[in-house]
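Colleague: sequence and predicted model, in that order:
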Amino acid sequence: MIWFRMFGLVVFVTLSFAGRFALAVGDAVNGEKVFNQCKVCHSIVEGKNGVGPSLFRVVGRKSGSVAGYKYSDAIAKANISWDEKNLDAYIKDPKAVVPGGKMPFAGLKKDQDREDVIAFLKAKAQ
């Protein structure tokens, strides 16, 4: 009987905290819509830079590494690996993550919008 109560307690605690530590899941379809704000400066086509660098395969890439794009000194020296966590922080507030960067975007404040854009960028890299 005690083992049954302990099992129930373990299940309850696990389920209670699971949502807090779950990995974020973005919606790539909605991310494409949100990405329209980014398209003014960025492309998702390999090698096609605009005002900003191409974001083709940006997830997992090092900051300042797109050939042919003239980065600000701040981003060129930032040495950031654009994993999901770093991209999320940067997309939320670019100036806080890379002070002195030249990206004039204020950021996406909604968590879901950022998760969706990252999901879209990952899907387009396939």
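Modeller: Perfect, I can see it now.

Colleague: and the closest residue to Lys124 other than its chain neighbours, how far from Lys77?
Modeller: The shortest distance from Lys124 to any non-neighbouring residue, by CB to CB, 6 or more residues apart in numbering, is to Ile44 (4.8 Å). Backbone N, C-alpha and C define where each C-beta goes, glycine included. Applying CB to CB, to the nearest Å, the value for Ile44 to Lys77 is 25 Å.

Colleague: cool, and Gly50?
Modeller: Counting by CB to CB - Gly50 and Lys77 are separated by 22 Å.

Colleague: who's in contact with the residue nearest to Lys124?
Modeller: By CB atoms under 8 Å, 6 or more residues apart in numbering, the contact set of Ile44 is Phe35, Ser54, Leu55, Phe56, Leu121, Lys124.

Colleague: mind listing the helices for the protein?
Modeller: Ranges of helices in the chain, per DSSP state H, are 2-21, 28-34, 73-76, 84-92, 94-97, 111-124.
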